[in-house]
Structure formats: C-alpha cells, structure tokens
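*Asks:* here are the coordinates; sequence isn't available:
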C-alpha cells in the first residue's frame, strides 16, 4: 500500500496557478524524488503534503492522514526539512537536537542521531559556526529526531559544494536504510538519479512523468550518444541505418544518437566503407537529458 | 470521554510540558548569550538610577515641583523601570521575533508537534521576568542607596505593572508583526520608543509638563503607566483613568497583535 497518495492536487495563489493537477503515490520505504525547475510547483506540493498549506482541490493522504484535518498526528509521523529555514546563531548543535527531541512523545535518541549525521565532534558548536554541509546535516537530524515514518526533504543540497553534497547523499541513503520513507525535492538531476527509486517530474504545476530514473532515461529517444571525428561528408553512410535516430555534424565532430544497438550499427556501417572514426566516445543519456526531453527545458538555468 | 482522560494527563500534555520546559531553558540561554540585552534592560537603567541619583545634587532634596517629593523617591526609579520595559517591548521582542521569522525558525517549528506560539510565549515570559528583575533592582537599590520607601500600595502597584507590561509587550508584538525584517524592527522601535518615553516623563517630569502634553500623556500606554506606578509607590491611589487607559491598551494591542502577527 502506498504511504503517500496525492490525487489531483491543485493550489492557487490568488489568480496564479502554482499546482495545477498533481497525482502520485509513494511506496513505503522508497526514496521518492520530486523534480522540476524552480517555480514548477515542487515546493508548493510538499508544503501541502506537510500540512503547511491547504490545497484548493484534490486529496492527499500521508500515512492515511489528511495533512490539514489530522495536522497534530501528521506532525508526529512526518519529519520535514524545509528550504530556507535556519536556527538562531548562538544555538548549539546539542541544544538544537535536545530542544527538537522534546517536541515529540517518543523521540529518537538524539545523542545517537548526532553521531549518525557525523556531528558528534561539533556538538558544542554554535549554529552560526557550522559549514553549509554541517547545517544541512543538522537539519536532517532535526527532521528525524521525532522518529518519523516519512521524511520530506526540500532542496537539501542547494548551495553545498560537491564534497558536502556527496556526504549528504550518503546520509540520506543511511536514513532510508532505517526504513524511513523519503520524499526528496530537488532540481539537481544528478542527485535525483543517484538517490531516488522513483521520480515524479513536475512541469508547470503538472506531473509530466513518474518512473524510475532508468525508466525515465530509457524512454529518451537517443539514450546513447556517440561522438567522433571523420572526413566531411562520410557520415552520410550512417543515415540509412534504421538503428540510428539522428546524425548531426558540428565542425569536425559528428554526434550520433540512438538506442542500445546504435553502437553496433554505427561500427558496421563505418567499417563497411572503411571509414575510421577518430576520438570516438560514447555517453549514456543522463536524467538531465530525460528531463529536457520530457519538459522541453533544461532542469537548471545554467545547464 | 473515559474517566481516564479526566484524571490522567495525556501523552500530549506531558510532552507539551516537557517541550515548554526545554524551550524556556534553551531560549533563556540564548537570551543570556546576548550580553547587550541584559545591559540595556538591567545595567543601563540601574546605572542611570545610581549615577543620576548620586551625581545631581537636587535629585536628593525635596522638590517643590514634585509636591515636596525627592526625584529619587518615585520619579527616577519609576522612569528607569519604564525604560527597561520599553527596551524589552520595542527593541528586544520585535527584533528577536523578526529574526526568528526571517530565518524561518518559526516556520520550522510549525512542522513539529509544538506550535511556534510556544516560542512566542517563551519569549514573552523571559522578557517579563527581566522586567520584574529590573523593577526589584530599582526598588531595592533605591532603598539601599537613597533611602527611598518601598512601594506603599503594593497590590495596585503590581496591578498597574502587569497592565502596563501587557500593553507595551503587545504593542511590541504589533511592531514585530508589521516590520519586514529585523533591521527595520530596530529602527522603527526607536521611532516609537522616544516619543513614548518623553510622554512618560523620562526627561521632564509630568508635573513640569505643559497641561496639554500631560493630558496627551494620560492616554498613552507610557504616560498613564509612569503616573500610575508613581502614585501607587507614593501611596496615592492611582487615578481610575490611568488604570483604565492601561487596560484598554493591553486589550486593544493584544487583539491587534493576534490579528496581524504572521509566523512566516
């Protein structure tokens, strides 16, 4: 049975549609990704899941609870890590965890949690003196200190350097290993591909696709991308092969895209005409490519 | 409802109490970690009381302008109590809450079983304790150093104190509700604070004010406050008008704060 069920969720801010029609189901124990560009409706969706905002339409069930009607019980079962939330500068790590643990009837042992997120040596450090990665790990610990069944983590690694980001990912995997269902909101495709069991792609307030990362990538036309150099005009011999979806020349380089069988078809066609591909490299499509194919836009502006 | 629910506190109540205790302890630590806070609410008013009271010779002599009372008897200590309360109400409370709001501390709490209202309540309690400590300091140091009397009508003094603190703290919450961030909170706090201090009689005792200013002061939460406290201290029953003005401000400002305050 699904632990989270969202059906036809709709949310307006005035006349602006933030979430138009979103439906998905999250299975117990999985890491479920909610991906989309900034402003696609991801954060609004998780705010409705967390009971912070009332939906204008549709139904939401989180561990069988309605986030607005059963707010009190939801708060005990769901740990939430919100975007742009920090702590008072002079609050120390240990004090923050002890404080948040006191909010729950049956909290997780916070001393153990402190070690688990790797903040043991920083227990007496003030929040202001923590690095970005340490703050995020504290934030995850606070979301887990109530021993929740579901953890909602919003834009966890935004602003972190690559090393801190990788450490955070390992922590999330460790959390899932404890049996906590995780909803991970992100606009980093690399993060979603690495961590999530399944992903909902939100685009303009709607769910554009829900699948495993491999499923989303596999659906991309041109899953394999082969790039090489060859004499001008000689790439024409490739155009007749049915396995090859696209041939594009850009200066010296030719890029050929297609499915798993594209590489064999390419080498067969080239060797039949005694053309030697120079500097050949093969790239697999990433979730970024899948995202681009599904929504027609890159996931991030800089991409 | 089973009899159990009547006799035994539920898990919620117990957890709620533990949360409030931890919250109070944590916030008190944070409060004490800001040395400037205790300086402005306790040390500065106390220092001013002792320095002005000792340095200005006329302050320790019976003053015909004050009906034969000395400045150090009620005027100076009451003004210093009011100063301490105003610093809490218009500077500390609004900026702490504005910081908590702009940094998402309140929003973060709203996804836990404990409402951010508990944090607000904790802040009010801590600041209330500070003002009580300030009042006790002024009363005791005044008595020890200048030989002033203890407040004569203690119950009325306490009543005026509670009403005045409620009104001023609630106004501070209104201020916290309207400011966009903590920087504006500080600036706007001063803008509100100085005229109210003046009307309380901080620089010119109310006895020496022109009639019109004193009448305006009667209707302000600080003018009525200072006068009611001084009257109760000296042994005169405070004017009903002043107590009514204080009660009205307390109720109106609390309602306004409840309507305008936002967690995020």
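*Replies:* Okay, I see it. Everything numeric here is computed off the predicted structure, so don't read it as measured data.
*Asks:* can you get me a residue count around residue 70?
*Replies:* Picking chain A for this. Around residue A:70 there are 16 other residues, counting by other CB atoms under 10 Å in any protein chain shown. In short, each C-beta sits where N, CA and C put it, glycine included.
*Asks:* look at chain B instead
*Replies:* The local packing count at residue B:70 equals 19, with neighbours defined by other CB under 10 Å.
*Asks:* my guess is it meets residue B:57, correct?
*Replies:* No - taking CB atoms under 8 Å as the definition, residue B:70 is not a contact partner of residue B:57, at 11.2 Å.
*Asks:* point out where the chain drops to low pLDDT.
*Replies:* Answering for chain A, as no chain was given. A:221-222, A:299-303 (pLDDT under 70).
*Asks:* wait, chain B was what I had in mind.
*Replies:* Along chain B, the model assigns pLDDT under 70 to residues B:1-15.
*Asks:* go again with 50.
*Replies:* Residue ranges of chain B with pLDDT under 50: B:1-11.
*Asks:* okay, and the residue nearest to the spatial centre of it sits in which element?
*Replies:* Using CA atoms, centre = their mean, the residue of chain B that lies closest to the mean C-alpha position is residue B:85, 3.0 Å off. Secondary structure here is read from DSSP states H and E; on that basis residue B:85 sits in helix B:75-87.
*Asks:* quick one: the strands in chain A?
*Replies:* Assigned strands in chain A, in chain order: A:2-13, A:16-27, A:31-35, A:57-62, A:78-81, A:150-154, A:181-186, A:198-203, A:206-211, A:224-229, A:244-250, A:253-258, A:278-284 (criterion: DSSP state E).
*Asks:* next, the buried residues of the shortest one.
*Replies:* The neighbour-count criterion (16 or more other CB atoms under 10 Å in any protein chain shown) identifies A:78, A:79, A:80, A:81 as the buried residues of strand A:78-81.
*Asks:* try stretch B:235-244
*Replies:* In stretch B:235-244, residues buried by neighbour count (16+ other CB under 10 Å) are B:238, B:242, B:243.
*Asks:* just put those residues in TSV and tack on secondary structure and distance to residue B:101.
*Replies:* Compiled in TSV, those are given as follows (DSSP: H, G, I helix; E, B strand; the rest coil; distance: CB to CB, whole Å):
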residue	secondary structure	distance to residue B:101
B:238	coil	37
B:242	helix	34
B:243	helix	33
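*Asks:* show me where the chain has its helices.
*Replies:* Using chain A here. Listed in chain order, the helices of chain A (DSSP state H) span A:42-49, A:71-77, A:93-101, A:110-116, A:132-144, A:162-177, A:189-195, A:213-218, A:262-272, A:287-295.
*Asks:* switch to chain B, that's the one I care about
*Replies:* B:3-7, B:11-32, B:35-38, B:44-55, B:75-87, B:93-102, B:105-109, B:116-146, B:154-178, B:182-200, B:211-218, B:223-234, B:240-260.
*Asks:* can I get those helices in JSON lines including distance to chain A?
*Replies:* What follows is the helices of chain B, written out as JSON lines (distance: least, CB to the nearest CB, whole Å):
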{"stretch": "helix B:3-7", "distance to chain A": "16"}
{"stretch": "helix B:11-32", "distance to chain A": "4"}
{"stretch": "helix B:35-38", "distance to chain A": "11"}
{"stretch": "helix B:44-55", "distance to chain A": "22"}
{"stretch": "helix B:75-87", "distance to chain A": "20"}
{"stretch": "helix B:93-102", "distance to chain A": "7"}
{"stretch": "helix B:105-109", "distance to chain A": "4"}
{"stretch": "helix B:116-146", "distance to chain A": "9"}
{"stretch": "helix B:154-178", "distance to chain A": "16"}
{"stretch": "helix B:182-200", "distance to chain A": "12"}
{"stretch": "helix B:211-218", "distance to chain A": "37"}
{"stretch": "helix B:223-234", "distance to chain A": "31"}
{"stretch": "helix B:240-260", "distance to chain A": "20"}
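*Asks:* can you tell me which of these comes nearest to residue A:268?
*Replies:* Evaluated with CB to CB, these place helix B:105-109 nearest to residue A:268, the distance being 59.7 Å.
*Asks:* next, find the distance separating residue A:226 from residue B:50.
*Replies:* If you measure residue A:226 against residue B:50 using CB to CB, to the nearest Å, the figure is 86 Å.
*Asks:* wait, I meant residue A:124
*Replies:* 37 Å.
*Asks:* more crowded one of those two?
*Replies:* When residue A:124 is set against residue B:50 and neighbours are counted by other CB under 10 Å, the residue ahead is residue B:50, at 18 against 9.
*Asks:* name the residues that touch stretch B:20-40?
*Replies:* Here stretch B:20-40 makes contact (CB atoms under 8 Å, 6 or more residues apart in numbering or on different chains) with A:88, A:90-91, A:95, A:98-99, A:102, B:87, B:91-92, B:114, B:118-119, B:121-123, B:125-126, B:130.
*Asks:* what is the burial count for the residue in the stretch 151-264 of chain B that chain A sits nearest to?
*Replies:* Of all residues in the stretch 151-264 of chain B, residue B:264 sits closest to chain A, at 8.7 Å by CB to the nearest CB. Using other CB under 10 Å as the criterion, residue B:264 is surrounded by 14 other residues.
*Asks:* one more: residue A:20?
*Replies:* Residue A:20 sits with 18 neighbouring residues when counted by other CB under 10 Å.
*Asks:* mind listing what it touches?
*Replies:* Taking CB under 8 Å, 6+ apart as the test, what residue A:20 contacts is A:10, A:41, A:204, A:205, A:206.
*Asks:* how close does it get to chain B?
*Replies:* For residue A:20, the distance to chain B under the criterion CB to the nearest CB, to the nearest Å works out to 24 Å.
*Asks:* ok, now which ones touch the residue of the stretch 101-250 of chain A found nearest chain B?
*Replies:* Scanning the stretch 101-250 of chain A for proximity to chain B using CB to the nearest CB identifies residue A:102 as nearest, at 3.7 Å. Residue A:102 makes contacts with B:15, B:18, B:19, B:21, B:22, B:23, as judged by CB under 8 Å, 6+ apart.
*Asks:* kindly report the same for residue B:203.
*Replies:* With contacts defined as CB under 8 Å, 6+ apart, residue B:203 is in contact with residue B:197.
*Asks:* quick check: phi and psi on it?
*Replies:* Backbone torsions of residue B:203, given as degrees, to the nearest 10, read phi -100, psi -40.
*Asks:* do the same with residue A:90
*Replies:* Its backbone dihedrals place residue A:90 at phi -90, psi 10, with angles given as degrees, to the nearest 10.
*Asks:* ok, and the closest non-adjacent residue to residue A:216?
*Replies:* Beyond its immediate neighbours in the sequence, the residue positioned closest to residue A:216 (CB to CB, 6 or more residues apart in numbering or on different chains) is residue A:290, lying 4.4 Å away.
*Asks:* thought that neighbour was touching residue A:212?
*Replies:* No - contact between residue A:290 and residue A:212 fails when scored by CB under 8 Å: they sit 10.9 Å apart.
*Asks:* neighbour-wise, which of the two wins?
*Replies:* Relative neighbour count places residue A:290 above the other of residue A:290 and residue A:212, with 27 against 13, counting by other CB under 10 Å.
*Asks:* now do that one against residue A:197, distance only.
*Replies:* Relative to residue A:197, residue A:290 is positioned 16 Å away (CB to CB).
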